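1. Take a look and give me a structure for this.
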Amino acid sequence: MKEKTFVQNIKFKLPIFAVLATCIWIFAGKAGFPIWWQIEFVSFALVGLIVFIILDLPALAPEKKNRDWVVRLLGTYAVGSVLFISITNQLPQFDPQVEIDKLNKPPIKIEGLAGPEVIAAGRVVFEENKCFNCHKVFWEGNSDRGPNLGTKQIGLYSEDYIKKQILDPRYKQSPGYEDPKSKKAMPTYYGEDLDEGQLTALVAYLKTMRDPTNIPVEGKYPDQWTWWDDETILKEGEVVFNGLEPATEGLNCSVCHGKDGIPMMTGALDFRNGENKDTDKIPGDHYEGPLKDWPDELWYKRVTRGVPETPMAPWGTIFPHLYLWKAEAYARTFHDPLDKRTEKRPVPPVPTKEEIERWKTEGLFLDPLL
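-> Just a heads-up that it's a prediction; the model follows:
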């Protein structure tokens, strides 16, 4: 058989490599792998391309002397070594001095610092303790071994609860992570590794993990669900709705909207009718769709900010939003009972950096620090 020329050798292989490398890059990105992992995966494909090009190269001339095979053997080893060293030199390198500097770093002093500075310090604590290795924060992070603290909205919970979960991670397992492997995944040594300043700053950072446009999401990716479909949350929401939750003493939605969904006050929204419309009492802020199609953001806005000149007060300025989300989830069941649903509501996409910046610029949070 006639040997292929070098052009013939690569003209079929290069397009295949280009398509394969593109697919690998896109798939790895969609799966949440860091960019260096994406580069490494594509590099493996490149190595495969080189191997198949070498296999189809013209045969070498027969070896006539011992030095011929020695030169070829050493040359092959040298080429492989140069490639390996050149490629790996471009990857992130371990620097012992960096780790030593971390150990010798003075403790965080938060006395006299303002809120944003404490939050920024908490972000540093989160990064330095490799929390991103298991937890994503909205779009950031390397894996889904632990809950996405952004979409779960850990910031809705109390400071004491968050501290407890950090220091004693076996205290309460996050929904969807009850398997034996997940139960042992979270280290238990942070009580020894973090001083009081670091812990306080870390909690301050985690308290910013909130989303005013979507209800919290639970479960391990890809088997996730929202609070709209969480039976436990709906039961807790019923308690809040009926004014029986100690943490929201003074809040009783059923006084106006009715314990059974039958409005007790004129003008109160009837949650039983999914075709009911949004209020028209707020100029420039009205949703045209029916109640059954309300976006999460509208539920959140109406409950936390209220409706001017009506008994619907801005409850978000008085009560923890954790419980308000639960009450909203329960209120929806009056026209959309859980046991009558044929499918779960879709899990919302993870907010982007640009969307989160929009939340801040549009003042969607009642707390200016968020």
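
2. L324 and R302 touch, don't they?
-> No: assessed by C-beta atoms under 8 Å, L324 is found out of contact with R302, at 10.3 Å. C-beta here means a position set from N, CA and C on the backbone, and glycine is covered the same way.

3. what's around S143, how many residues?
-> Neighbour count of S143, defined by other C-beta atoms under 10 Å: 15.

4. G32 versus that one, what's the distance?
-> 7 Å (C-beta to C-beta, to the nearest Å).

5. shared neighbours, these two?
-> Shared contacts of S143 and G32, defined by C-beta atoms under 8 Å, 6 or more residues apart in numbering, comprise K136.

6. quick one: the helices in the stretch 151-300 of the chain?
-> 159-167, 180-183, 190-193, 196-206, 231-241, 254-257, 296-305 (DSSP state H, counting those that start in this stretch).

7. what packs against the helix or strand following the last one?
-> This points to helix 296-305. Once helix 296-305 ends, the next helix or strand along the chain (criterion: DSSP states H and E) is helix 321-332. On a contact count with 3 or more C-beta pairs under 8 Å, 6 or more residues apart in numbering; DSSP states H and E, helix 321-332 meets helix 231-241, helix 296-305.

8. of these, which approaches I50 most closely?
-> helix 296-305 (50.2 Å; C-beta to C-beta).

9. list the helices and strands that closest one packs on?
-> Where contact means 3+ C-beta pairs under 8 Å, 6+ apart, helix 296-305 is packed against helix 321-332.

10. Do me a favour and average the pLDDT over the helix it packs on.
-> Averaged over helix 321-332, pLDDT sits at 96.

11. now the next helix or strand after it, how far from the chain's geometric center?
-> Using DSSP H and E, the next helix or strand after helix 321-332 towards the C-terminus is helix 353-361. How far helix 353-361 lies from its chain's middle: 15 Å, per C-alpha atoms, centre = their mean, to the nearest Å.

12. Run the angle between helix 353-361 and helix 296-305 for me.
-> 20 degrees (axes from the mean of the first three to the mean of the last three C-alpha atoms, to 10 degrees).

13. average pLDDT for helix 353-361?
-> 90.

14. Ok, stretch 26-38 next?
-> 83.

15. can you tell me how far D293 sits from K301?
-> Distance, D293 to K301, by C-beta to C-beta: 15 Å.

16. Show me which of those two is the more surrounded one.
-> Taking other C-beta under 10 Å, D293 and K301 do not tie; K301 has more neighbours (18 against 11).

17. Any chance of TSV for the helices and strands packed on helix 321-332, columns distance to I166 and mean pLDDT?
-> Listed next are those as TSV, based on distance: least, C-beta to C-beta, whole Å; pLDDT from 0 to 100:
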stretch	distance to I166	mean pLDDT
helix 231-241	23	97
helix 296-305	27	95
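
18. For Y177, find the nearest of these.
-> helix 231-241 (14.5 Å).

19. contacts for that closest one?
-> In contact with helix 231-241 (C-beta under 8 Å, 6+ apart) are residues 175, 227, 245, 248, 251, 253-254, 257, 323-324, 326-331, 333, 338.

20. Pull the distance from it to the chain's centre.
-> Distance, centroid of helix 231-241 to centroid of chain: 24 Å (C-alpha atoms, centre = their mean).

21. hang on, the earlier thing: would you mind writing the ChimeraX command to select the buried ones in the contacts of helix 231-241?
-> Of those, the buried ones go into a single ChimeraX selection, burial set by 16 or more other C-beta atoms under 10 Å:
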select :175,227,245,248,251,253,254,257,323,324,326,327,328,329,330,331,333
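
22. which non-adjacent residue is nearest W139?
-> Of all residues not flanking W139 in the chain, V350 sits nearest, at 5.4 Å (C-beta to C-beta, 6 or more residues apart in numbering).

23. Now for that neighbour, how many residues are close by?
-> V350 has 19 nearby residues by other C-beta under 10 Å.

24. quick one, phi psi at it?
-> The phi/psi pair for V350 (degrees, to the nearest 10) reads phi -70, psi 130.

25. how near is it to E140?
-> V350 is 10 Å from E140, by C-beta to C-beta.

26. Also W25?
-> 19 Å.

27. swap in K281?
-> Per C-beta to C-beta, K281 is found 39 Å from E140.

28. repeat for I154
-> Distance of I154 to E140, computed by C-beta to C-beta: 14 Å.

29. Of those two, which one has the most company?
-> Neighbours of I154 and E140, each counted by other C-beta under 10 Å, are more numerous for I154; the result is 23 against 15.

30. Please name the nearest non-neighbouring residue to the more buried one.
-> Nearest non-adjacent residue to I154, counting by C-beta to C-beta, 6+ apart: M209, 4.8 Å away.

31. pLDDT wise, what is that neighbour at?
-> Value listed for M209 in the pLDDT field: 95.

32. again, but for the one 4 residues further on
-> Confidence at T213, expressed as pLDDT, is 94.

33. Contacts only, for it.
-> Contacts of T213 (C-beta under 8 Å, 6+ apart): P295, D296, E297, Y300, P348, P351, E355, W359, L364.

34. ok, those residues vs L60, which is closest?
-> Distance to L60, by C-beta to C-beta, is smallest for P351 among the contacts of T213, at 57.7 Å.

35. what's the distance between the residue nearest to I154 and L55?
-> Counting by C-beta to C-beta, the gap from M209 to L55 is 52 Å.

36. Neighbour count for the two, which is higher?
-> For M209 versus L55, the count of surrounding residues by other C-beta under 10 Å is larger for M209: 21 against 8.

37. what residue ranges in the chain score low on pLDDT?
-> 1, 107, 111-114 (pLDDT under 70).

38. Dead centre of it: give me the residue that sits there.
-> The centroid of the chain falls nearest to F138 when counting by C-alpha atoms, centre = their mean (3.1 Å).
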